[in-house]
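K.L.:
sequence? don't have it. structure:
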């Protein structure tokens with residue numbers, strides 16, 4: 001029995017936008033350039049997203065002053081964290097997982113525009 005891929009069609013749309021941005025901009029820009037470019041591309045494709053929403057955190061039922069700001073939440077369900085590095089590390093992966101835990105979302109994408117010869121997308125499912 002095949003296992004259903006979580007948000008398969010939505011991820012396909014997001015990844016299409018990511019690869020289009022990389023095709024246009026290439027490697028070597030700061031993360032903020034990719035963030036803005038991806039927001040434009042998602043908008044052009046009609047992909048619903050919220051850019052850098054502030055997420056409240058809690059500890060033992062008490063709200064913390066500290067907040068998280070993922071780069072994007074697409075389709076109201078998919079956390080998208082952007083990087084522009086030669087390689088991502090376990091720390092970046094943990095960041096995505098923490099965003100998922102903080103939001104009770106199930107799917108996160110860690111996108112690296114700094115990789116060559118193409119952008120990379122790593123999926124995290126809780």
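P.N.:
Thanks, I have it. For clarity, every value in this text was computed on a predicted model and none was experimentally measured. Numbering: from 1, shown residues only.

K.L.:
Run me through the strand neighbours of the least confident helix or strand in the chain by mean pLDDT, direction for each.
P.N.:
Ranked by mean pLDDT, DSSP states H and E, the weakest helix or strand in the chain is strand 55-59, scoring a mean of 88. Here strand 55-59 is paired, per DSSP bridges, with strand 62-68 (antiparallel).

K.L.:
what residues does the strand it pairs with touch?
P.N.:
Residues outside strand 62-68 that contact it (CB atoms under 8 Å, 6 or more residues apart in numbering): 54, 55, 56, 57, 58, 98, 99, 102. Glycine gets a C-beta too; all of them are placed from N, C-alpha and C.

K.L.:
Can you tell me which of the residues you listed are classed as buried?
P.N.:
With burial judged by 16 or more other CB atoms under 10 Å, the buried subset of the contacts of strand 62-68 is 55, 98, 99, 102.

K.L.:
Next, count neighbours for residue 112.
P.N.:
For residue 112, the count of nearby residues is 24 (other CB atoms under 10 Å).

K.L.:
Please apply the same query to residue 60.
P.N.:
Using other CB under 10 Å, residue 60 has 4 neighbouring residues.

K.L.:
pLDDT score assigned to residue 102?
P.N.:
As predicted, residue 102 sits at a pLDDT of 87.

K.L.:
can you list contacts of the helix or strand hosting it?
P.N.:
Secondary structure from DSSP states H and E places residue 102 in helix 90-103. Here helix 90-103 makes contact (CB under 8 Å, 6+ apart) with 55, 57, 68, 70, 73, 79, 81, 83, 85, 105-110, 122, 124, 126.

K.L.:
tell me what whatever helix or strand comes next after it is packed against?
P.N.:
Downstream of helix 90-103, the next assigned helix or strand under DSSP H and E is strand 107-112. Contacts defined by 3 or more CB pairs under 8 Å, 6 or more residues apart in numbering; DSSP states H and E place strand 107-112 against helix 8-25, strand 78-83, helix 90-103, strand 120-125.
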